[in-house]
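# Prediction below, plus the sequence it came from.
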Amino acid sequence: MGKEHFNQSHSNAWVIQTWLSFIISISATSLGIIYLPVDIWIKGYMGMGLIFSVGSTVSLTKTQRDIHESSRMIAKIEEAKVERILAEHNQIN
């Protein structure tokens, strides 16, 4: 009756690749803004937009992770309830 839950971990190569892609994309965008041939206030506005975009992306991914973990917890609770009901039913018979 018990289901095994596997904890999937990420490989070191995957973690390095994700960090490198994040660093490269932020660096390239920042350099593009710095060398853009416009006034400094426009560069500042675009830089703030970049920072807000990164911040909102982090918030979105955290929220999605929390929702996923919450649904996993609810599923575990419901499974435990069903197992308890079945165990009580088996004791009666």
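Done, it's in.
# give the contact list for Val54.
Ile26 (CB atoms under 8 Å, 6 or more residues apart in numbering). (C-beta placed from N, C-alpha, C; glycine too.)
# Just the pLDDT for the residue nearest the centre of the chain.
Against the mean C-alpha coordinate of the chain, by CA atoms, centre = their mean, the closest residue is Thr61 at 3.7 Å. pLDDT recorded at Thr61 is 92.
# And it, which helix or strand is it part of?
helix 40-92 (DSSP states H and E).
# picking that back up, from Gly55, how far out is the residue nearest to the centre of the chain?
Relative to Gly55, Thr61 is positioned 11 Å away (CB to CB, to the nearest Å).
# Then Glu79?
If you measure Glu79 against Gly55 using CB to CB, the figure is 37 Å.
# Those two: who's more crowded?
Glu79 (14 against 10; other CB atoms under 10 Å).
# what separates that one from Gly32, distance-wise?
Look at Glu79 and Gly32: by CB to CB, they are 50 Å apart.
# got it, and Leu20?
18 Å.
# One more: Ser53?
14 Å.
# tell me the mean pLDDT for the helix or strand harbouring Ile24?
For Ile24, the host element (DSSP H and E) is helix 12-34. The pLDDT scores in helix 12-34 average 95.
# Please identify the buried residues of it?
Thr29, Ile33 (16 or more other CB atoms under 10 Å).
# Give me the distance between that helix and the centre of its chain.
On the basis of CA atoms, centre = their mean, to the nearest Å, helix 12-34 sits 17 Å off its chain's mean C-alpha point.
# Just the angle for it relative to helix 40-92, thanks.
150 degrees (axes from the mean of the first three to the mean of the last three CA atoms, to 10 degrees).
# Need the CA coordinates for helix 12-34. CSV is fine.
Extracted as CSV, the C-alpha positions of helix 12-34 are listed here (Å, rounded to 0.1, in the frame of the first residue of the first chain):
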residue,chain,number,x,y,z
ASN,A,12,26.4,19.0,-10.6
ALA,A,13,26.6,19.6,-14.4
TRP,A,14,23.0,20.8,-14.4
VAL,A,15,23.5,23.1,-11.5
ILE,A,16,26.7,24.6,-13.1
GLN,A,17,24.9,25.0,-16.4
THR,A,18,22.0,26.8,-14.9
TRP,A,19,24.2,29.2,-12.9
LEU,A,20,26.4,29.9,-16.0
SER,A,21,23.4,30.6,-18.2
PHE,A,22,22.0,33.0,-15.6
ILE,A,23,25.3,34.8,-15.1
ILE,A,24,26.0,35.0,-18.9
SER,A,25,22.5,36.3,-19.7
ILE,A,26,22.6,39.0,-17.0
SER,A,27,26.1,40.0,-18.0
ALA,A,28,25.3,40.2,-21.7
THR,A,29,22.2,42.3,-21.0
SER,A,30,24.0,44.6,-18.6
LEU,A,31,26.8,45.1,-21.1
GLY,A,32,24.3,45.8,-23.8
ILE,A,33,22.7,48.4,-21.7
ILE,A,34,26.0,50.0,-20.7
